[in-house]
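Q: Sharing a model prediction with you, sequence too.
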Amino acid sequence: MKKENIKELTDKELQDRLEQVQKEYVQEKIQHQISPLDNPAKITLDRKLIARIKTEIRERELKNK
C-alpha cells in the first residue's frame with residue numbers, strides 16, 4: 001500500500017487497516033518461527049506498512065489540534 005493510498009483512507013478505515021495488518025504481522029512472525037516462510041521479506045514490508053499507517057494517524061491528530 002502506497003503512501004498516496006493511505007492518505008485517501010478515512011480515519012475509521014485507517015484504524016481498521018492498522019488492526020488487520022498488525023494481526024497479519026503477528027501471525028506471520030509466529031509462523032516464521034515455527035517454519036520458514038516462502039517470502040520472509042513480507043514481515044519487513046508489513047512492519048513498514050504499520051509504521052506508515054501510524055504516521056498518517058498521528059499527522060491527522062496533530063493537524064486537528
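A: Thanks, I have the structure now.

Q: center of the chain, which residue is that?
A: Against the mean C-alpha coordinate of the chain, by CA atoms, centre = their mean, the closest residue is I50 at 2.6 Å.

Q: quick one: buried residues of the one helix or strand T55 maps to?
A: If you go by DSSP states H and E, T55 is part of helix 41-64. Of the residues in helix 41-64, those scored as buried under the neighbour-count criterion (16 or more other CB atoms under 10 Å) are I43, D46, L49, I50, R52, I53, E56. Placement of C-beta: from N, CA and C, glycine included.

Q: any chance of these in a markdown table, plus distance to D11?
A: Converted to a markdown table, the buried residues of helix 41-64 look like this (distance: CB to CB, whole Å):
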| residue | distance to D11 |
| --- | --- |
| I43 | 27 |
| D46 | 21 |
| L49 | 17 |
| I50 | 16 |
| R52 | 15 |
| I53 | 11 |
| E56 | 10 |
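
Q: Please report the confidence value the model assigns to the closest residue to the residue nearest to the centre of the chain other than its chain neighbours.
A: For I50, ignoring the flanking residues on the chain, the nearest one in space by CB to CB, 6 or more residues apart in numbering is V21 at 5.5 Å. Confidence at V21, expressed as pLDDT, is 96.

Q: what's the burial count for V21?
A: Using other CB atoms under 10 Å, V21 has 18 other residues around it.
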